[in-house]
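Asks: take this sequence and fold it.
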Amino acid sequence: MPKQEILQNYARLLVRTGCALKPGQELLLTAPVEAAPFARLVAEEAWAAGAGDVIVEWADQPVSRLRYLHAPLSSFESVPEWKRALLNGAAGRGAAILTLDGDDPDGMAGIDPARFTAWSRASHRDCKAFYDGMDLGRNVWCIAGVSTPAWAKKVFPGCSESEAVEKLWDAILYTARADGADPAAAWADHSAAFQARIKLLNEKQFDALRYTSSNGTDFTVGMNPGHIWAGGGAETVDGTWFFPNMPTEEIFTSPHRDRADGVVHSALPLNYRGGMIADFWIKFEGGVAVDCGAKTGLDRLKSILDTDEGGRHLGEVALVPHASPIAQSGILFYSTLYDENAACHLALGKGFPECVEGGLEMDETALAAHHINLSATHVDFMIGTADLTITGIAADGSETPVFQNGNWAGAFAGDL
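Replies: Model (predicted):
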């Protein structure tokens, strides 16, 4: 198909499948200014799907960088009224929330991490209705990639700018299963493929998972009683099925916030707030990150842990086979949206209410009582290597292989 037709199909996929947009529903679209042509395709598809309105918030990373460099720290400690009205208002009206990500991985290098931490705290406090809408299953939301020159040149440094942009578009469309004639059907099949393993993991109800790999990872994380594994899509409280991330290759749950012990080593660099954290490790004791180290970006890693008390606990464990299409592509995207789908990962910070029975109806006090971590941050980091072993440990101490050599093992292997 011509590239323009493929891009139109991708835009349609994000609107109708990713966001499951309903007639009359508002779409809140955030897009980088460099991706304006594609954002217009998305808006066109939203109107064609019967959108009640399409609101576009343009993002300009270089301008944001100037603000982080020069604005007083106090300006990051509260969210302006206009932005509160935009985000909280859209969530309150039941809007679908679509974010197009094309940031330069190095675009915020050299910025004081304390400014990001302050803004994260303020955003989750002042825009609580917006974040609760997504976290508690009230609003559909989707994050997807768009090719931009700065990001493309980072991923494909040996190419000219135009060649790099085209190669990154090809990679985005391939990993999002949007390069064929019927992307929606491809996603229906992809989602169905998750269900057998999710069912088996939920039946097993492991008490803990133990991780080991040759890079030094030796780590055990405890599971919540009655924990729920999910993946391949999500469902709102009104029963709307949508896809928060395009692409996605993970099956995930939220662990017990106070049961993590040992050391985990990174398998891939982490791009955080426009700067890199690489070759890092974190040591946990009793669920708390008590020490860490990094060859690059240690101050950024510490800023994540220092976001709040929950920043030192885990909110997610996610299983991704080394055989996933993104891992096998051999491309390092320098974007968590993509790189987290190339490797098993953990997340510091906020846990998922949907990963405990009845969690979407619980307030924060009840979630905390069910050992779901609470925080103003949620940062995934990749720990899956080609030799990773994960062992499921039952309450009686019996063990079941879950991963061997980086891929599904035992009862979890093969086409279930």
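Asks: what about A90, distance to D218?
Replies: 45 Å (CB to CB, to the nearest Å). In this view, the C-beta of every residue, glycine as well, is placed from N, C-alpha and C.
Asks: just T117 next, same as before
Replies: Per CB to CB, T117 is found 30 Å from D218.
Asks: more crowded one of those two?
Replies: For T117 versus D218, neighbours defined as other CB atoms under 10 Å are more numerous around T117 (21 against 13).
Asks: for the protein, which residue is closest to the average position?
Replies: Using CA atoms, centre = their mean, the residue of the chain that lies closest to the mean C-alpha position is L337, 5.4 Å off.
Asks: pretty sure that residue sits in a strand.
Replies: No: secondary structure of L337 (DSSP: H, G, I helix; E, B strand; the rest coil): helix, not part of a strand.
Asks: so for G232, what's the nearest residue that isn't a sequence neighbour?
Replies: Of all residues not flanking G232 in the chain, F194 sits nearest, at 3.3 Å (CB to CB, 6 or more residues apart in numbering).
Asks: which residues does that neighbour contact?
Replies: The neighbours of F194, taking CB atoms under 8 Å, 6 or more residues apart in numbering as the test, are 231-233, 251.
Asks: three-state assignment of it?
Replies: Classification of F194 by three-state DSSP places it in helix.
Asks: give the other helices and strands that whichever strand or helix holds I172 contacts.
Replies: I172 is part of helix 161-175 when elements are defined by DSSP states H and E. Packing contacts for helix 161-175, counted by 3 or more CB pairs under 8 Å, 6 or more residues apart in numbering; DSSP states H and E, involve helix 3-13, helix 149-155, helix 325-329.
Asks: and A278, its phi and psi?
Replies: Backbone geometry at A278, expressed as degrees, to the nearest 10, gives phi -140, psi 150.
Asks: sorry, that was for G297
Replies: phi 80, psi 30.
Asks: flag the shaky bits of the stretch 101-250 of the chain, pLDDT-wise.
Replies: Counting by pLDDT under 70, the stretch 101-250 of the chain has no low-confidence residues at all.
Asks: show me where the stretch 1-150 of the chain has its helices.
Replies: Residue ranges of the helices in the stretch 1-150 of the chain, as given by DSSP state H, counting those that start in this stretch, are 3-13, 36-48, 61-70, 81-92, 113-126, 128-135, 149-155.
Asks: and the angle for the fifth one with helix 61-70?
Replies: What it means is helix 113-126. Counting by axes from the mean of the first three to the mean of the last three CA atoms, to 10 degrees, helix 113-126 lies at 110 degrees to helix 61-70.
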